[in-house]
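Engineer: Show me the folded form of this:
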Amino acid sequence: MSTALTDFMQEVKTKSPGESEFHQAVEEVVESLLPVLDKHPEYRKAKIVERLVEPERVIMFRVPWTADNGDVRVNRGYRIEFNSAIGPYKGGLRFHPSVTLSILKFLGFEQIFKNSLTTLPMGGGKGGSDFDPKFKSKNEIMRFCQSYMSELFRHIGPNTDVPAGDIGVGGQEIGFMFGQYKKLRNSFDGVLTGKGLTWGGSLIRPEATGFGVVYFASEMLNTRGESLEGKTVAVSGFGNVAWGAVTKVNELGGKVVTLSGPDGYIHDADGITGDKVEYMLELRASNQDIVEPYAEQFGVEFVPNKHPWEVKCDIALPCATQNELNGEDAQNLLDNGCLCVSEGANMPTTPDAARLFLDSEILYGPAKAANAGGVAVSGLEMSQNSMRMSWSRDEVDSHLHRIMKNIHQSCLDAAEKYGLPSNYVAGANIAGFTKVADAMLAQGVV
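Structural biologist: Numbers count the residues shown, from 1 in each chain. The predicted structure is shown next:
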């Protein structure tokens with residue numbers, strides 16, 4: 001690590017102690033930006049990076065709600081409004097017991113660059129709560145969502161901050177929150193994305209992140225004369241991102257053989273197709289957060305308490321959560337001949353795993369580029385809401401495919417420009433950064 005990076009990270013850690021996930025995200029980005037800062041002293045003079053790592057606003061609040069048995073519960077709610085240089089804050093809401101300020105700051109920081117890469121006018125933000133929807137009744141989830149929105153509504157709006165879903169927040173939760181927002185504001189605004197199709201939502205939004213991950217993998221493979229046709233694919237997770245990825249891999253001729261959850265992973269050597277893909281939706285809707293029932297339903301292997309990266313595959317799509325793929329997992333993938341990793345979750349690989357992928361020179365697509373499809377279609381949903389119209393499934397998918405192709409090319413061009421050819425990590429960071437940095441320069445020190 002260079003002296004400049006060491007000194008910068010020490011300052012970040014001093015100002016934000018104990019936020020390990022946030023520190024990890026910042027270090028990975030800033031390391032890539034050092035050659036850019038050397039070439040553009042105007043960024044250093046205006047302290048662009050120092051301003052970028054400080055959220056414009058951090059909102060934290062209590063969320064009281066009543067359980068079905070009459071007990072009052074209290075959770076903590078957050079919204080991190082990180083950067084609005086190129087558009088209103090945009091980023092998901094996560095309901096999960098692991099949610100902390102550090103987790104949301106890392107996610108919001110990543111969102112700045114991801115949204116910039118889409119070329120759509122969206123700033124970076126993130127939010128959520130340590131509420132655990134697992135084993136909660138529908139009415140309990142509704143009461144929590146209404147309480148959460150009773151505070152959040154005063155901080156968001158279609159031209160200010162437009163949240164979406166994330167882990168623990170699907171169409172049901174978005175519906176409950178939108179209903180409360182509409183009641184409090186007395187206004188039908190396009191303030192949340194991931195809405196139902198009958199009240200302002202966009203086709204393929206639930207699948208969009210997974211579709212984008214696969215499109216990005218396909219673009220990377222094309223650079224080496226390869227395609228998804230006939231390839232064996234390992235996927236982690238089993239929620240919307242994994243579901244979209246499995247669906248698109250099948251469409252493009254690949255075969256997905258794994259899914260995973262907190263309880264372990266399943267290995268389906270015959271491929272996850274047909275009714276098996278639809279069963280993934282039942283697993284998600286059960287709110288049990290386990291994949292073992294898939295193995296019982298279809299008579300396949302279940303491996304408890306492990307990740308699927310020991311399974312031989314050509315392509316790996318980590319679609320579960322942050323830091324799910326460590327150095328040992330990465331070495332297993334490389335030893336088994338994996339040629340492409342495209343990240344569906346946010347920061348799913350640990351720094352040592354990412355270093356192994358970069359050193360090995362396999363195709364490695366980082367999350368801020370590879371999983372930008374979800375927020376891209378959220379941006380398309382915002383556009384449809386503004387125009388009071390809706391596009392067909394094919395139209396949305398076509399827009400998404402074009403956006404992912406453009407992101408891929410932007411990453412390649414930026415990496416090449418700064419002497420790091422085919423380094424998608426550096427390319428994504430640089431391409432995402434320069435657009436935001438130039439906007440911040442143009443708008444002055446505010």
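Engineer: Strands along the stretch 301-446 of the chain, start to end?
Structural biologist: Using DSSP state E, counting those that start in this stretch, the strands of the stretch 301-446 of the chain run over residues 301-304, 315-317, 340-342, 363-365.
Engineer: Note down every partner strand of the third one and its orientation.
Structural biologist: Sheet pairing of strand 340-342 (DSSP bridges) gives strand 315-317 (parallel), strand 363-365 (parallel).
Engineer: Which positions within the helix or strand encompassing residue 140 qualify as buried?
Structural biologist: Per DSSP states H and E, residue 140 falls inside helix 138-152. When burial is assessed from 16 or more other Cβ atoms under 10 Å, helix 138-152 yields the following buried residues: 140-150, 152. In this view, the C-beta of every residue, glycine as well, is placed from N, C-alpha and C.
Engineer: For residue 178, which non-adjacent residue is closest in space?
Structural biologist: Distance criterion Cβ to Cβ, 6 or more residues apart in numbering; nearest residue to residue 178, sequence neighbours excluded, is residue 192 at 5.1 Å.
Engineer: measure the one you found to residue 436 for me?
Structural biologist: 24 Å (Cβ to Cβ, to the nearest Å).
Engineer: Between those two, which has more neighbouring residues?
Structural biologist: Neighbour tally, residue 192 and residue 436, criterion other Cβ atoms under 10 Å: the higher count belongs to residue 192, 27 against 20.
Engineer: surely the more buried one meets residue 176?
Structural biologist: No. Checked against Cβ atoms under 8 Å, the pair residue 192 and residue 176 is beyond contact range at 10.4 Å.
Engineer: residue contacts, residue 167?
Structural biologist: 94-96, 239, 321 (Cβ atoms under 8 Å, 6 or more residues apart in numbering).
Engineer: let's see 6 Å
Structural biologist: With contacts defined as Cβ atoms under 6 Å, 6 or more residues apart in numbering, residue 167 is in contact with 94, 96.
Engineer: Measure how buried the closest residue to residue 372 other than its chain neighbours is and give me the count.
Structural biologist: Spatial nearest neighbour of residue 372, chain neighbours left out: residue 114 (4.8 Å); criterion: Cβ to Cβ, 6+ apart. Neighbours of residue 114 under the rule other Cβ under 10 Å: 28.
Engineer: Check for me that residue 114 belongs to a strand.
Structural biologist: No. Counting by DSSP: H, G, I helix; E, B strand; the rest coil, one finds residue 114 to be helix, located in no strand.
Engineer: what's the spacing between it and residue 129?
Structural biologist: Distance from residue 114 to residue 129, by Cβ to Cβ: 22 Å.
Engineer: ditto for residue 7
Structural biologist: Applying Cβ to Cβ to residue 7 and residue 129 gives a distance of 35 Å.
Engineer: Of these two, which one has the most company?
Structural biologist: residue 129 (27 against 10).
Engineer: Nice, that's everything, thank you.
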